[in-house]
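1. how would this look folded up:
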Amino acid sequence: MPKLRVTIWNEFVHEKKNATVKSIYPDGIHAVIAEGLKELGADEFEITIATLDMPEHGLTEEVLASTDVLIWWGHCAHGQVEDVIVDRVQARVLQGMGFIVLHSGHFAKPFKRLMGTSCALKWREAGEKERLWVCNPGHPIAAGIEDGVIELDQTEMYGEPFGIPAPDEQVFISWFEGGEVFRSGNCWIRGNGKIFYFRPGHETYPIYHNTTIRRVIYNAVKWAAPQGWWEGVMKAPNVPADKAPEPIKAKGKSIHEAGQEGFH
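-> Residues are numbered from 1 along each chain as shown. Below you'll find the predicted structure:
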């Protein structure tokens, strides 16, 4: 069976500038996410790393064309992501690529583009406890989570209202020590691609070292694997009458040329 081609994108900024973040993720958050995938599925994945400072942010047309699932982590440099890259990610998701967005990636340009909403939320950085409850225990992303709950001793709070469209499926809901709740694990279908947003992952806490968090990301990658590709998803091809599946006689005039794209 061919390996699932996974690209992990990380802006890779705080790990270079902040001593606390660097002490937890010395080789970058992307390295720890990759380590978790390899730990759980050593022979299942072909992993590529892409970062903000690479040419074309590491997401060239060639890289995206050979990516089955894209994992995205960003925080302080959302605005530096070029719109041409956002266009590429959006097109690839609509064609069938899986897209997993982590933590502060809720404000990433590609995620906001695909959601079509503000993706805004309330937040607090106080190192408080979080419980992520499984609210959809039969969902494959929740597989292997004991007692249906994940506890994190210290994390950043995200609170409702969360400016996202209603999820097609909700897998997790979080409770925080300060009393807030949050839709922490949400799934959507956009075009032919699957999207999963997963809340945990603040850079000053070792959350991606947590074995259960790693399990969720592993499950999500498997769930988001392409179910098929539709290369023409961003086009609007004209089908001439003589190319119809059943014979028809064209009636009336057309202002379009045969084979023209993009009008409908």
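2. Contact partners for Ile33?
-> Residues near Ile33 by Cβ atoms under 8 Å, 6 or more residues apart in numbering: 8, 10, 71, 73, 102, 208, 217. For the C-beta atoms, the positions are set from N, CA and C on the backbone; glycine is no exception.
3. and what of Arg214?
-> With Cβ under 8 Å, 6+ apart, Arg214 has these contacts: 36-37, 39-40, 208.
4. how far away is it from Glu146?
-> Using Cβ to Cβ, to the nearest Å, we find Arg214 at a distance of 14 Å from Glu146.
5. Check Glu128 too.
-> 22 Å.
6. Can you name the helix or strand that Asp153 falls in?
-> strand 149-159 (DSSP states H and E).
7. Averaged pLDDT, that strand. What do you get?
-> Confidence for strand 149-159, expressed as mean pLDDT, is 98.
8. Report the strands that pair with that strand, each with its relative direction.
-> Sheet pairing of strand 149-159 (DSSP bridges) gives strand 122-134 (antiparallel).
9. Could you pull out the strands in the stretch 101-250 of the chain for me?
-> Ranges of strands within the stretch 101-250 of the chain are 122-134, 149-159, 169-176, 181-190, 193-198, based on DSSP state E, counting those that start in this stretch.
10. Pick the most deeply packed of those.
-> Most buried of these, by mean neighbour count (mean count of other Cβ atoms under 10 Å): strand 193-198, with a mean of 25.
11. circling back: between the strands of the stretch 101-250 of the chain, which one is closest to Pro110.
-> Closest approach to Pro110 among those (Cβ to Cβ): strand 193-198, 9.8 Å.
12. So what's the gap between the closest one and the chain middle?
-> Distance of strand 193-198 from its chain centroid, counting by Cα atoms, centre = their mean, to the nearest Å, is 5 Å.
13. Direction included, what does that strand pair up with?
-> The strands beside strand 193-198 in its sheet (DSSP bridges) come out as strand 98-102 (parallel), strand 181-190 (antiparallel).
14. Identify the residues contacting Gly79.
-> No contacts exist for Gly79 under Cβ under 8 Å, 6+ apart.
15. Wait, a helix at it?
-> Yes. Counting by DSSP: H, G, I helix; E, B strand; the rest coil, Gly79 is part of a helix.
16. For the chain, just list every one of the helices.
-> Taking DSSP state H to define them, one finds helices in the chain at 14-17, 19-24, 29-40, 61-65, 83-95, 109-115, 211-224.
17. Need the max-distance pair from the contacts of Arg214.
-> Using Cβ to Cβ, the contacts of Arg214 span at most 12.9 Å, a distance reached by Leu40 and Tyr208.
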